[in-house]
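>>> Structure for this input, please:
(2 chains)
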Amino acid sequence: MNLEKVIFGFFILLAATLNFGFFVGDIGDPAHHDIYELFAAIVVSLIATMLKFGDRTQIGAIHLATSLVADLQLIAAAMVWGYAAHIAADGLTSEMTARVVSLSGGALFANIVSVIILIAETIMQRR
Amino acid sequence: MKTPLTPPLARHHSIFFLIMRRLRAPLIMLITIISIAVLGLTLAPGVDPDGKVHYLSFFHAFYFISYTATTIGFGEIPYAFSDQQRLWVLFSIYMSVIGWAYTLGTVFAILADRNLQQAIAMQGFVGAVRRLGEPFYLVCGYGETGRLMCQALDRLGYRAVVVELDESKVGEIDLHSYAADVYAIAADASNPETLQYAGLTHPSCIGVIALTNDDNANLAISIAARLLAPRLPTLARAETRETADNMASFGTRHIINPFEKFGEALGLALHAPAAWQLLGWLTGLPGTTIERHRDPPRGSWVLCGHGRFGRLMVDAMDAESVPVTIIDRRPPDDIEHRWIQGDGTGAAALDAAGIRDAVGIVASTSSDVDNLSIAVTARQLNKDLFVVLRQNHYSNHALFDAFESDITVVPSQIIAHECLAILGTPLLSTFLDEIRRRDEEWCASLLEHMTQRLSWKVPDVWSERINLSRAPALYRRLMRGETITLDQLLRSHANRNEFLACEVLYLDRDDDDHLIIPPANTPVRPGDEILLAGKHSSRAGFGLNITNEHALNYILTGTDLPDGWIWEKLSRRPARIEKRHLP
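Now for the predicted structure:
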């Protein structure tokens, strides 16, 4: 067992689970989507990106790409939330919530791809 | 002395990922610290102006931490903080300062890293060479010879790319004022991969010059050049005969042994002084002035230091049947010559060798100080001596200039001259061979004529081929069947009654016919290759004459061609009567 691999797998999975946790629920209902969960998803996703830096293999490159996509989507979601909560006149309407959640849904897809690659990589090693 | 070779990075963007990889830990730490600070700030209770409990949103918390962590500081928003919030902010500030300090420290450590700097330098070099669009020479070894070569190439308008093992010498290149950038890398030139990165297989590379002080490295370079870029001319320096033979067996086109070259030159000087002077004048470094030497006298000679150079000098003198007495600490391998034991720096050994009756002395030890000491002592004993001095290091040139020797042999200069002659004008070596075959009188009269016309300053020697790409204007006229002589061509386009300050040395015809010093009324034919020697300004003038329609028309007819489309149209009618015919 390799501690580095444990940490790597932990962060990738945690990024996906947090993202999923934020995503599930009625898409337009602000009560179903906790903003603290979105914050945690962003932080874990950023850390996962950092962990993926520096791997020069093909799989490493795809890993990094999926993470960058997830970061982008999550940060976009956070910005929409910030706009809705502080700048928009109407506050966090269900329409705005739907936008935030759908953006995080995109990130969820990228995170799922990341997890699939992680599983495929593990299976390929045959050890 | 070997410095470890840094392998060039395989992919272009790997440096970025290399840096990111090293920055992984500090960046993760920074993200963690900031996220903890933001999270804590949203959880710490504050009060709004109405006295109600108010929590900072993520938006405000992130905004606040962003400017606090980077020590900008805008104050407490949206309301003045409660003591709980202030406690947390205090904690956040110190945490984030640690985070930033760690990150910045790592960044600077990475940037100061030697390996990374070398990797960046290598990539900059590879990129710069790849983008070179002009023809360039690949010079391996930036010692004394390499420096002379680069200076001469620069003056001739060629680019150079340098590979040199010693980093301090590479640093020197930046300090020299070259007209064009000389790209250089500190790497082992005997590594074929390095050569490829330095542009060996680049389409604009027009020649490889191997001048390192290591014969094996030169051999490796010439082998790599032969196999990887067979069409390129390769010039290699070889100091031992074995290396030279090995290079020749690999098909290296030009092998230069400086001592052998000088041995030949001295042989020629003893045999035909005028030819030797002419050769020196034609192959000198452009821009320098050749001093008129007195001719080496025939009679008995003394040679001090029977090393690699001394041996070749003795061979050259033997070939001219000049008697030599050798002064050396050890007996020479051959017993045909008179040998005196000693080192020549003292008067006793020189006296024993018969310096008072000798006509010349060759100081050819491998120590510059010894050579000077020998020469000074010998001159004191016999002030009419003809002195040939070997100068090993260019840096001692002030000492050698101060002592008025008749000939100072500087190996690095000999190699540079030879390289330039070969590279600049392939026709020149044919012409030089011809000079060596001609008799003394012919050479003397040619030298007299040339130096009167062009002074003792080393001329530009160049060749021009009369074809569509090199001389379009002249070629078109010749193809129309006009007869144009050399005399007509060598005129100034500013005033056609004035001649350009250059002379035609050699004319090479397509059909294996050639003319040495062709007479002025020789007609030029398409496909001819002409070797010219003249002042630098005349080179551009001649180039314009044969490429530019207007200049050519003026020097041939004395009239100016109509310039521009409208004038051409207006003056077209009478011109049309003249019927054009192809040969």
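>>> what packs against the longest helix anywhere in chain A?
In chain A, ranked by residue count with DSSP state H as the criterion, the top helix is helix A:94-125. Counting contacts by 3 or more C-beta pairs under 8 Å, 6 or more residues apart in numbering or on different chains; DSSP states H and E, helix A:94-125 is packed against helix A:3-23, helix A:35-52, helix A:58-82. The way it works is simple: take the backbone N, C-alpha and C, and place the C-beta from them, glycine included.
>>> quick one, which of the ones you listed is packed in tightest?
The highest mean neighbour count among the helices and strands packed on helix A:94-125, using mean count of other C-beta atoms under 10 Å in any protein chain shown, belongs to helix A:35-52: a mean of 22.
>>> Can you read off the pLDDT for the residue of the stretch 1-150 of chain B found nearest chain A?
Nearest residue of the stretch 1-150 of chain B to chain A: B:Arg21, at 2.6 Å (C-beta to the nearest C-beta). At B:Arg21, the pLDDT value in this model is 83.
>>> Run through the residues that contact it.
A:Phe53, A:Gly54 (C-beta atoms under 8 Å, 6 or more residues apart in numbering or on different chains).
>>> Phi and psi next, for it.
phi -60, psi -40 (degrees, to the nearest 10).
>>> Which one of the helices and strands packed on helix A:94-125 lies nearest to B:Pro526?
B:Pro526 lies closest to helix A:58-82 among the helices and strands packed on helix A:94-125, at 58.3 Å (C-beta to C-beta).
>>> Other residues contacting stretch B:313-321?
Residues contacting stretch B:313-321 (C-beta under 8 Å, 6+ apart): B:262-264, B:266-267, B:270-271, B:298, B:301, B:303, B:306, B:324, B:326, B:332, B:337, B:362, B:364, B:388.
>>> What residues of the longest helix of chain A count as buried?
For helix A:94-125, burial by neighbour count (16 or more other C-beta atoms under 10 Å in any protein chain shown) applies to A:96-101, A:103-108, A:110-111, A:113-115, A:117-118, A:121.
>>> quick one on the thing from earlier: what about the contacts of stretch B:313-321, which are in strands?
Counted as lying in strands by DSSP state E, out of the contacts of stretch B:313-321, are B:Trp301, B:Leu303, B:Val324, B:Ile326, B:Val362, B:Val388.
>>> and the last one, how many neighbours?
Look at B:Val388: counted by other C-beta atoms under 10 Å in any protein chain shown, it has 24 neighbours.
>>> State the distance from it to A:Ala89.
98 Å (C-beta to C-beta, to the nearest Å).
>>> picking up where we left off before, pull out the buried members of the ones in strands among the contacts of stretch B:313-321.
B:Trp301, B:Leu303, B:Val324, B:Ile326, B:Val362, B:Val388.
>>> Check which helix or strand B:Ser222 maps to.
helix B:215-228 (DSSP states H and E).
>>> What of B:Val322?
Judged by DSSP H and E, B:Val322 forms part of no helix or strand.
>>> pLDDT value on the residue of chain A found nearest chain B, please?
In chain A, the residue that lies nearest chain B is A:Gly54 (2.6 Å; C-beta to the nearest C-beta). pLDDT recorded at A:Gly54 is 71.
>>> contacting residues around the nearest residue in space to B:Gly263 that is not next to it in sequence?
Take B:Gly263 and drop its neighbours on the chain: the residue closest to it by C-beta to C-beta, 6 or more residues apart in numbering or on different chains is B:Leu312, 3.8 Å away. Counting by C-beta under 8 Å, 6+ apart, B:Leu312 makes contact with B:Phe259, B:Glu260, B:Phe262, B:Gly263.
>>> let's see 7 Å
The contact partners of B:Leu312, taken as C-beta atoms under 7 Å, 6 or more residues apart in numbering or on different chains, are B:Phe259, B:Glu260, B:Gly263.
>>> circling back to that earlier point, from the buried ones among the ones in strands among the contacts of stretch B:313-321, which is closest to B:Val47?
Once C-beta to C-beta is applied, the member of these that ends up nearest B:Val47 is B:Val388, at 99.8 Å.
>>> Name the helix or strand for the residue most central in space within chain B, please.
Chain B has B:Cys150 as the residue nearest its centroid, 2.3 Å off, counting by C-alpha atoms, centre = their mean. Using DSSP H and E, B:Cys150 maps to helix B:144-156.
>>> Quick check: pLDDT value at residue 41.
The chain I'm using is chain A. Among the per-residue scores, A:Ala41 holds a pLDDT of 95.
>>> That was the other one, I meant chain B.
For B:Leu41, the predicted pLDDT is 93.
>>> Distance of the residue nearest to the centre of chain B relative to B:Ile209?
From B:Cys150 to B:Ile209 the distance is 10 Å (C-beta to C-beta).
>>> what does B:Met479 give?
For B:Met479, the distance to B:Ile209 - C-beta to C-beta - is 38 Å.
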